[in-house]
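>>> requesting a structural model of the entry that follows:
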Amino acid sequence: MCLAVPGRVLDIEERDGTRMATVDFGGVVKEVCLEYLPDLRVGEYAIVHVGFALQRLDEESAKQTLELFAELGLLQEEFGDEWNAAAEAGGGQVSPFADEDAVEEARK
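Numbering: from 1, shown residues only. I've put the predicted structure just below:
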């Protein structure tokens, strides 16, 4: 299955005349084409499908969607081994999209 997944833009650069970004999907980082969203900025979220940022998304909606995808195992399905590595790097106990209270509670 190919999902359209929200991700946060970490940096932007132009490569061979194409606007590209490094995007974080909760620990899995991918290169994404920004040609459909030319005014997207570092720190903003976008829905990404097959390597293209298609729509800007507010942070709260992005985090809620990513949390739901993670709970349903859809990110595991989409990113496979990369998602496992990101989860292990984060301790594997708390979703990378959890709010600070959930992270603090898991540490107790």
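>>> and L37, which of the three is it?
coil (DSSP: H, G, I helix; E, B strand; the rest coil).
>>> what's the closest non-adjacent residue to it?
A53 (4.8 Å; Cβ to Cβ, 6 or more residues apart in numbering). C-beta here means a position set from N, CA and C on the backbone, and glycine is covered the same way.
>>> can you read off the pLDDT for Q64?
pLDDT for Q64: 89.
>>> check which helix or strand it maps to.
Q64 belongs to helix 59-72 when assigned by DSSP states H and E.
>>> got the buried residues for that helix?
Buried residues in helix 59-72, counted by 16 or more other Cβ atoms under 10 Å: A62, K63, T65, L66, E67, F69, A70.
>>> what angle separates the lengthiest strand in the chain from helix 59-72?
For the chain, the longest strand by residue count, based on DSSP state E, is strand 5-15. Angle between the axes of strand 5-15 and helix 59-72 is 120 degrees (criterion: axes from the mean of the first three to the mean of the last three Cα atoms, to 10 degrees).
>>> quick one, the helix or strand just after strand 5-15 and strand 5-15 angle?
Scanning forward in sequence from strand 5-15 by DSSP H and E, the next helix or strand is strand 18-24. Using the same axes, to 10 degrees, the inter-axis angle of strand 18-24 relative to strand 5-15 is 140 degrees.
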